[in-house]
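Asker: Have a look; sequence and predicted model below, questions after that.
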Amino acid sequence: MSQEQTAPETRGVTVKLLSSIDLGPEIEGMAGRQLRMRMVTIEPGGVFGPVHDHKDRPGTVYILQGTITDHRDGVARDYGPGVGWPEDAHTLHWLENRGTIPAVEISVDIVRQE
């Protein structure tokens, strides 16, 4: 069984919605979608799991503080402040904070309106 399949459940994570905008009036064909920006804080030892994908929910992440370990395709990669990554239809991953300080990221994505 791969590491992705055994990823733990979410713990030690706080998500704060910073802003969002309805894309229907802004871009033709985007009715029912919104552009969303969130601040995600993962405490030391925290996990943003379980394994999840970004099909129909593309986005990008930027690290403000700490280090986030991204687990995908059997590889664990550390990202620190000033670095980010895309999350597209091929992304299947989970995240954790192996560090000693809270890791903070800004996440921007396009989602279906709730």
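Answerer: Yep, that arrived.
Asker: List the buried residues of stretch 81-97.
Answerer: Neighbour-count burial for stretch 81-97 flags 85, 87, 91, 93-97 (criterion: 16 or more other CB atoms under 10 Å). C-betas here are computed from N, CA, C, even on glycine.
Asker: Okay, strands next: where are they in this structure?
Answerer: 11-22, 33-53, 59-65, 68-72, 75-79, 84-87, 92-96, 103-112 (DSSP state E).
Asker: Reformat the ones you listed as CSV; add mean pLDDT.
Answerer: CSV is the format used below for these (pLDDT from 0 to 100):
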stretch, mean pLDDT
strand 11-22, 97
strand 33-53, 95
strand 59-65, 97
strand 68-72, 94
strand 75-79, 95
strand 84-87, 91
strand 92-96, 94
strand 103-112, 97
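Asker: List the residues that contact residue 84.
Answerer: Taking CB atoms under 8 Å, 6 or more residues apart in numbering, we find residue 84 in contact with 60-63, 105.
Asker: sorry, that was for residue 104
Answerer: So, once contact is read as CB under 8 Å, 6+ apart, residue 104 ends up touching 39-42, 63-66.
Asker: how about 6 Å then?
Answerer: Taking CB atoms under 6 Å, 6 or more residues apart in numbering as the criterion, residue 104 is in contact with 41, 64-65.
Asker: Check the contact between residue 106 and residue 61; I expect there is one.
Answerer: No - the criterion here is CB atoms under 6 Å, and residue 106 misses it with residue 61 at 7.1 Å.
Asker: Counting neighbours around each, name which of those two comes out higher.
Answerer: residue 61 (20 against 15; other CB atoms under 10 Å).
Asker: That one bridge partners, please.
Answerer: On the basis of DSSP bridges, residue 61 is bridged to residue 85, residue 107.
Asker: Repeat that for the one 4 residues further on.
Answerer: According to DSSP bridges, the residues that bridge with residue 65 are residue 104.
Asker: Tell me how many other residues surround it.
Answerer: 14.
Asker: again with the one 4 residues further on
Answerer: Taking other CB under 10 Å as the criterion, the count of residues near residue 69 is 17.
Asker: so what's it up against?
Answerer: If you count contacts by CB under 6 Å, 6+ apart, then residue 69 has 76, 78, 96, 98 around it.
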